[in-house]
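Asks: I need the structure of the sequence given here:
(6 chains)
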Number of protein chains: 6
Amino acid sequence: MSKTADSTGRRILGEVMGAAHLERRDKTRNDFNAALNDYSEEVCFGRVWAREGIDWKLRSIMNIAMLTALNRPNQLGRHVESALNNGCTMEEIREILLHTAVYCGLPAAGDAFRVAEEVLKTRGLVE
Amino acid sequence: MSKTADSTGRRILGEVMGAAHLERRDKTRNDFNAALNDYSEEVCFGRVWAREGIDWKLRSIMNIAMLTALNRPNQLGRHVESALNNGCTMEEIREILLHTAVYCGLPAAGDAFRVAEEVLKTRGLVE
Amino acid sequence: MSKTADSTGRRILGEVMGAAHLERRDKTRNDFNAALNDYSEEVCFGRVWAREGIDWKLRSIMNIAMLTALNRPNQLGRHVESALNNGCTMEEIREILLHTAVYCGLPAAGDAFRVAEEVLKTRGLVE
Amino acid sequence: MSKTADSTGRRILGEVMGAAHLERRDKTRNDFNAALNDYSEEVCFGRVWAREGIDWKLRSIMNIAMLTALNRPNQLGRHVESALNNGCTMEEIREILLHTAVYCGLPAAGDAFRVAEEVLKTRGLVE
Amino acid sequence: MSKTADSTGRRILGEVMGAAHLERRDKTRNDFNAALNDYSEEVCFGRVWAREGIDWKLRSIMNIAMLTALNRPNQLGRHVESALNNGCTMEEIREILLHTAVYCGLPAAGDAFRVAEEVLKTRGLVE
Amino acid sequence: MSKTADSTGRRILGEVMGAAHLERRDKTRNDFNAALNDYSEEVCFGRVWAREGIDWKLRSIMNIAMLTALNRPNQLGRHVESALNNGCTMEEIREILLHTAVYCGLPAAGDAFRVAEEVLKTRGLVE
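Replies: Numbers count the residues shown, from 1 in each chain, chains lettered A, B, ... in the order given. The predicted structure follows:
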């Protein structure tokens, strides 16, 4: 069963996304969303984030860049959080997102700045 | 005039993309493409790559992630080169691209692996 | 006039999307949106959905897959409804969306699961 | 400093997007979003919109088309406004958006019609 | 039958894309591609390009912007041709594509400049 | 080791994509591409295609729809092949791709028809 406490993916998911995120998932688990949640734990976190070679901070930064390009604000917000959890500063996130403006275009960067600013405010990292 | 040898953007472009790339651009410069090449030198390299806060290796890695998401193989190949120039190893590029498979999907990662493999072979970094 | 009760596209639109959807469109019809609504009735439903060769259930499933890839949650919700109307089960929609995770990436599938779960809950098909 | 009243980009931004938009930006300016706002003023408006060769009405229309393709409703709404400010009629916006239905697909056009309709209603240009 | 010489869409297609394009389509027509070619003639050209309210030059320009955003170089080349046929100058196409760099990102604009430059060279409009 | 002859994913990959495809992969396997090929076998085929609830023909059709939307012609060609292997007729592929024209836009469908037509000609399914 994929929800055993000792599974690697589940442990990494909890560390990257936070215990509250994991708890919320477990509480709302049902026959429908279980298929994707198990995929996320086992494949995304258990099979890819678990690999060596690049560290979690870099994975979080790549996610911010990709989710800006892919236009997925829901997950972007969570990975701005994961980047902060993995040691990014406000200044780094600012430079990362300004860099996306050149390659993904200004509208993509504009939406991403708004999502990130909200997370940074919640954490008291901007005014 | 934007092509003075001492402009910051032009110098950084040369360092990131290589002198051969810069020379090829200058030789094929015309009334049409000059508008974009100047924009690239002044905005992309002179205004964004020139900033502090994140280093060039990270900018190259972000570009690999974004160009995979954005489906732009021409520029992807060049930024795999820039990543290698900025200190990435083959193993890091492999882990970076495997990470994109989860977020951008397998077809995006498949195309990116092919583009990167060609660059790595040219440099003798895979068999 | 494109709104005659007997037009093929209009009839199919009503069957696929439901009578309530059609009524809402008619009530909010104005000089601006009429251009797109007529296009939708005549081209989308009257010219394409009306064709033989593949059935409506398959067309609904393709739409779920495409709208997940295209990042269009508004229409995705409606076509999860149309898929259910055309005979899909909750289990089929779950497998369809898990399949999109591999090809469109986990963030796309995550957003799609959320949209679909809401529709399924409204219909009492998940807890 | 990029916020001097006489900077070209800032002046054009104010004319294209409206004084209220500019004022809102200035009031919410902080260490984080300043990087993107300055980029927008200096690069987008000061370096590109400031050029001759095509007029502002055409730039606004292109933005409506691109933002529909790129799936960016936040900026789309603002550029429907800028198009109206630059002389577009409701009828032109309708034809522009119907044209996007063929090339970007019906879901993209459907979302764009909804965004534009809201702006047009606020201005009293559709019932 | 959709190929009668007098159909509106077919006539407009010929005028916009050129007689050679139309002839090539007819020669390679088969049971498979006929479905899309008829759709293109009847819907794209017969139903949308045929409308009043915005002129063909503007439709061509919008297509250049959208096809750059959508990453479709095959059709982009053809619509750079249609834009030239409809009265665009090299300078206008340069400004149009530079404008896309801000909104779609530099890689999208870079690919579009290359496609357009080839068309412009074939026509002797850049050196 | 992920290449044991009896692994489920590997067996399904061979059945879906053909033995020649599998052999080509094995011959070009190296330290770099092995990471993605193993991911493809284990996750895509071993974990998702292996599931019950929807059959392989439907998975192939969904892939044609998604790869058209995602603009991935390399994989599209292979999944037109997989669709034919899984029982699709030329007529079904034609209707599937015409359906994409409405939702993904005409340029996306145009590129997809060209890719599919080449596969169909190789197999002698269109003149």
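
Asks: so who does residue A:120 touch?
Replies: A:80, A:90, A:93, A:126, D:32 (C-beta atoms under 8 Å, 6 or more residues apart in numbering or on different chains). To be clear about C-beta, it is placed using only N, CA and C from the backbone, and glycine gets the same treatment.

Asks: mind redoing it with 10 Å?
Replies: A:80-81, A:84, A:90, A:93-94, A:113, A:126-127, D:30-33 (C-beta atoms under 10 Å, 6 or more residues apart in numbering or on different chains).

Asks: avg pLDDT for the helix ranked longest in chain A?
Replies: Longest helix in chain A, counting residues (DSSP state H): helix A:106-122. Mean pLDDT, computed over helix A:106-122, is 98.

Asks: could you check how far whatever residue of chain A ends up closest to chain D is from residue F:72?
Replies: At 4.1 Å from chain D, residue A:107 is the closest residue in chain A, using C-beta to the nearest C-beta. Using C-beta to C-beta, to the nearest Å, residue A:107 is found at 23 Å from residue F:72.

Asks: what strand or helix carries residue A:99?
Replies: helix A:90-104 (DSSP states H and E).

Asks: enumerate the residues of chain A near chain F.
Replies: For chain A, the residues in contact with chain F (C-beta under 10 Å from any C-beta of the partner chain) are A:35, A:38-39, A:42-44, A:47-48, A:51, A:53.

Asks: check contacts around the residue positioned nearest the centre of chain A.
Replies: In chain A, the centroid-proximal residue (C-alpha atoms, centre = their mean) is residue A:79; its distance is 2.4 Å. Going by C-beta under 10 Å, 6+ apart, residue A:79 touches A:16-17, A:59-68, A:72, A:85-86, A:115-116, A:119, B:103, C:107.

Asks: tell me who's in contact with the residue in chain A positioned nearest to chain F.
Replies: Taking C-beta to the nearest C-beta, chain F has its nearest neighbour within chain A at residue A:43, 5.3 Å off. Contacts for residue A:43 were tallied using C-beta under 10 Å, 6+ apart; they are A:9, A:49, B:101-102, C:101-102, C:106, F:39, F:42-44, F:47-48.

Asks: can you check residue A:89 too?
Replies: A:83, A:95, A:125, B:53.

Asks: most neighbours among those, which one?
Replies: Counting neighbours by other C-beta atoms under 10 Å in any protein chain shown, residue A:83 comes out on top of those with 26 neighbours.

Asks: wait, doesn't it sit right on residue A:125?
Replies: No: look at residue A:83 against residue A:125 with C-beta atoms under 10 Å: they stay out of range, at 11.5 Å.

Asks: can you pull the residues that touch both of those two?
Replies: By C-beta under 10 Å, 6+ apart, the residues touching both residue A:83 and residue A:125 are A:89, A:93, A:116, A:119.

Asks: could you turn the buried ones of these into a PyMOL selection?
Replies: In PyMOL, a selection of the buried entries from those looks like this (16 or more other C-beta atoms under 10 Å in any protein chain shown):
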select buried, chain A and resi 93+116+119
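
Asks: which regions of chain A sit below the pLDDT cut-off?
Replies: Applying pLDDT under 70 to chain A flags residues A:1-6.

Asks: quick one, what contacts residue A:50?
Replies: Taking C-beta under 10 Å, 6+ apart as the test, what residue A:50 contacts is A:8-9, A:11-12, A:44.

Asks: report the two of these separated the most.
Replies: A:11 and A:44 (13.1 Å; C-beta to C-beta).

Asks: quick one: which of these two has more around it?
Replies: residue A:44 (23 against 16).

Asks: quick one, what contacts the more buried one?
Replies: A:9, A:12-13, A:16, A:50, B:99, B:101-103, C:101, C:105-106, F:43 are the contacts of residue A:44 under C-beta under 10 Å, 6+ apart.

Asks: skip the chain neighbours and tell me the closest residue to the one residue in chain A that gets nearest to chain E.
Replies: As assessed by C-beta to the nearest C-beta, chain E sits closest to residue A:105 within chain A, at 4.2 Å. Sequence neighbours aside, residue E:105 is the residue nearest to residue A:105 in space, at 4.2 Å (criterion: C-beta to C-beta, 6 or more residues apart in numbering or on different chains).
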